[in-house]
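Undergrad: Just the structure for this:
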Amino acid sequence: MGHSLATNPSEAGGVRLDLALLRFAVAAVLALASATSVLAQEPPADPPQPPPEPTPAPPSQPESKPAPSKPESRRPGERGMGGPVCPPWICRDQEPDAAQSEATKDGAKPVTATEADKPHRFEKGELASVGAVGFVPWENRFGLVLGIEKIGPIFYGAISPEINYTREFGDRMLAMSFGLPVRLEVFDSRGGTRFDNGGRIRKADWDEASDYARILRYLSFGSKEDHFYLDVNQFKASSVAHGLLMKRYNPNLNLNTRRVAAELDAFNDYGGFELYANDVTGPNVLGALLFMKPLSFVDKKDFRMRSFSIGFTAIADIKAPIRNKLDLADTNDDGRRYNAIQVDQSNFQPVYAAGTVLGYGVDAEVKLIDTRVVDWKTYLDVSFLQTGLPADDPLHPKWDDIPTRAVRSSGWTWGHLLRLNVGHAPVHALRLRAEYRRYDPNYLPSYFDSMYEIQRIQYFGARGPVGSDLANRTKLQSVLGRDPGGDQVNGAYFEASWRAGRGFAAAIGVEVNDQSPDQNMFVHVEVPRLGRWQFMATYHRRTQDRFADLFTLNFGQTDLFLAKTRLGISNKFALVLEALTPYGIDPESVFHSTVQVNLNAEIGFPY
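TA: Purely as a prediction, here's the structure:
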């Protein structure tokens with residue numbers, strides 16, 4: 001049939017959400033709520049020490065000098081910064097160096113006078129890697145990754161030589177990784193094929209320019225909300241501004257496409273910008289935020305004046321599908337014509353007529369509290385979505401030179417973001433976001449979201465594509481094509497995340513409204529690093545009809561699950577197991593989620 005994936009929909013639908021994961025997430029949220037009442041206690045200062053009385057010396061000898069004064073006690077919220085370094089998305093707390101470890105008893109880290117002078121850095125940005133499709137080693141190393149991967153019905157042998165490099169520049173980290181991933185087919189579980197294509201390189205991995213860019217696995221300097229931040233990667237999900245137009249968009253949910261995205265942020269007391277591109281070789285999704293802080297020119301020492309900002313955001317898909325082309329010529333010779341999307345047999349991507357979806361808006365924000373423990377800001381966003389909808393008869397659609405009519409919709413949001421850093425050794429970082437939203441029926445907050453890469457082509461609800469018009473079920477038509485004459489939609493968004501040092505992080509989010517079938521939620525847990533063990537798991541449930549549907553246990557076609565764990569057997573050998581539910585083209589020529597399970601062995605040498 002020419003497809004790289006033939007997924008059995010019943011198999012994908014049979015996957016169940018682990019109930020224990022939900023219970024664990026609820027417990028994490030309860031712990032988070034109780035932790036917000038904890039205040040960092042200042043350790044009692046040492047009582048003043050009288051200077052030692054000088055000891056009389058013989059007349060023939062000089063008078064002895066006073067003993068050196070005792071180092072000052074540590075101030076609230078400060079922590080040490082010594083020890084080896086690791087990428088900022090793996091762990092920001094540092095381990096003691098080898099000499100300290102030798103001298104440490106019962107796991108307690110000695111506090112030196114140098115450490116006491118270094119205040120801890122207030123943790124901002126994302127506390128958990130929600131939506132990421134992978135993580136990287138935390139040490140400088142080179143070596144090989146060997147394993148077995150299952151994509152749909154086919155098993156592959158995978159090999160990837162890799163090299164990672166991390167070092168500290170000032171108080172920021174520079175981290176990079178390069179690799180050459182190759183999949184060789186081993187076994188096709190479908191009848192009649194079996195070992196016929198054994199040893200063949202998976203063609204879909206190297207049929208687009210973006211596939212070659214993935215030799216660069218990541219390049220990162222600094223972290224989100226630093227004064228300068230550069231991130232080039234093929235793993236992470238990205239947001240721009242407050243996320244009202246783009247929130248946790250991940251361009252790598254399509255099995256047959258691998259993109260390397262790029263983000264560049266910079267700011268100072270007077271203004272700044274954020275830039276985003278979903279593919280360094282030829283992006284179709286682009287984003288930018290430009291903002292200024294006008295009151296800083298009046299008094300930048302006052303945090304309220306300094307924090308007040310006005311911003312303009314624009315996000316665009318310049319190749320957004322307007323209408324999917326149907327396989328009227330039966331190009332894949334499967335007998336389907338009017339109920340199948342045409343697929344380019346050279347790269348296994350759906351074929352569609354493209355237009356542009358533009359999101360833009362203005363926002364203002366100001367901090368209400370700014371201390372070493374609490375950071376609270378409020379913001380107001382007004383944003384718009386604009387495109388051209390097909391103006392021809394949908395029962396007799398055109399696929400070239402489609403006439404369009406201009407459509408624009410809008411919405412506004414009032415939100416609060418509360419961040420707390422409590423305790424030390426470890427620091428507990430808490431992040432709470434709450435938003436009220438009101439918008440047009442044909443508008444959607446966070447239009448460029450975690451599922452956009454798939455839903456831009458087919459925007460189905462939880463019940464899947466059965467009975468849907470495949471040609472006209474793009475996200476552009478499904479959302480902006482809704483009746484704009486109805487009542488305004490009232491919606492809300494809540495998110496909570498917590499990270500305890502480098503040892504544990506958890507997050508949960510819920511997005512609801514009173515009208516449209518766009519109820520969403522996610523649950524995430526991770527162990528960024530605990531000894532030689534790492535773990536990360538994210539579950540997304542999207543486009544549900546009702547709020548209650550968010551908590552049923554049936555895995556549907558708008559659900560997404562990502563899990564990965566690494567166990568270091570030694571400093572030269574580690575085992576990695578991952579389970580993902582990305583999307584591939586199935587025999588009906590539509591995207592279906594499939595279960596991908598990979599087991600890899602990492603053989604490397606630190607340097």
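
Undergrad: Tell me what R405 is bridged to.
TA: Beta-bridge partners for R405, by DSSP bridges, are L389.

Undergrad: need the strands for the stretch 351-500 of the chain, in chain order.
TA: Ranges of strands in the stretch 351-500 of the chain, per DSSP state E, counting those that start in this stretch, are 352-370, 374-390, 404-422, 428-439, 489-500.

Undergrad: how about TSV for those strands, with distance to Y276 and mean pLDDT added?
TA: Where C-beta positions appear, they are placed from N, C-alpha and C, glycine not excepted. Below are these laid out as TSV (distance: least, Cβ to Cβ, whole Å; pLDDT from 0 to 100):
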stretch	distance to Y276	mean pLDDT
strand 352-370	12	96
strand 374-390	16	97
strand 404-422	20	96
strand 428-439	20	96
strand 489-500	20	96
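
Undergrad: Adding distance to I154 and mean neighbour count, write those out as a markdown table.
TA: Formatted as a markdown table, the strands of the stretch 351-500 of the chain follow (distance: least, Cβ to Cβ, whole Å; neighbours: other Cβ atoms under 10 Å):
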| stretch | distance to I154 | mean neighbour count |
| --- | --- | --- |
| strand 352-370 | 26 | 18 |
| strand 374-390 | 37 | 19 |
| strand 404-422 | 40 | 17 |
| strand 428-439 | 41 | 19 |
| strand 489-500 | 37 | 20 |
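
Undergrad: As a markdown table, these with distance to S296 would be great.
TA: Shown next, in a markdown table, are those (distance: least, Cβ to Cβ, whole Å):
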| stretch | distance to S296 |
| --- | --- |
| strand 352-370 | 12 |
| strand 374-390 | 15 |
| strand 404-422 | 20 |
| strand 428-439 | 25 |
| strand 489-500 | 29 |
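
Undergrad: Could you find the closest non-adjacent residue to the residue most central in space within the chain?
TA: Centroid-nearest residue in the chain: A237, 3.0 Å away (criterion: Cα atoms, centre = their mean). Nearest residue to A237 in three dimensions, chain neighbours excluded: G131, at 3.3 Å (Cβ to Cβ, 6 or more residues apart in numbering).

Undergrad: Next, that neighbour: secondary structure please.
TA: coil (DSSP: H, G, I helix; E, B strand; the rest coil).

Undergrad: From N250, how far off is it?
TA: From G131 across to N250, the span is 5 Å (Cβ to Cβ, to the nearest Å).

Undergrad: Where does pLDDT dip in the protein?
TA: Scanning the chain for pLDDT under 70 picks out 1-121, 137-138, 152, 191, 331-336, 462-468, 587-589.

Undergrad: Helices of that one, start to end?
TA: If DSSP state H is used as the criterion, the helices of the chain fall at 9-13, 19-35, 98-103, 113-116, 209-213, 303-307, 452-455, 475-480.

Undergrad: What's opposite V145 in the beta bridge?
TA: On the basis of DSSP bridges, V145 is bridged to S160, E602.

Undergrad: I figured it hits L599, correct?
TA: No: in terms of Cβ atoms under 8 Å, V145 does not count as a neighbour of L599; the distance is 11.0 Å.

Undergrad: Now do the shared contacts for those two.
TA: Each of V576 lies in contact with both V145 and L599 under the rule Cβ atoms under 8 Å, 6 or more residues apart in numbering.

Undergrad: And those two? Which one has more around it.
TA: Neighbours per residue (other Cβ atoms under 10 Å) separate V145 from L599, with V145 holding more: 18 against 14.

Undergrad: I'd like to know how far that one sits from I569.
TA: Separation of V145 from I569 (Cβ to Cβ) stands at 14 Å.

Undergrad: Between its first and last residues, what's the separation in stretch 391-410?
TA: End-to-end span of stretch 391-410 (Cα to Cα, to the nearest Å): 21 Å.

Undergrad: neighbouring contacts of that stretch?
TA: By Cβ under 8 Å, 6+ apart, stretch 391-410 touches 322-323, 325, 353, 355, 382-390, 439-443, 469, 471-472, 480-481, 484.

Undergrad: Sweet, I'm off.
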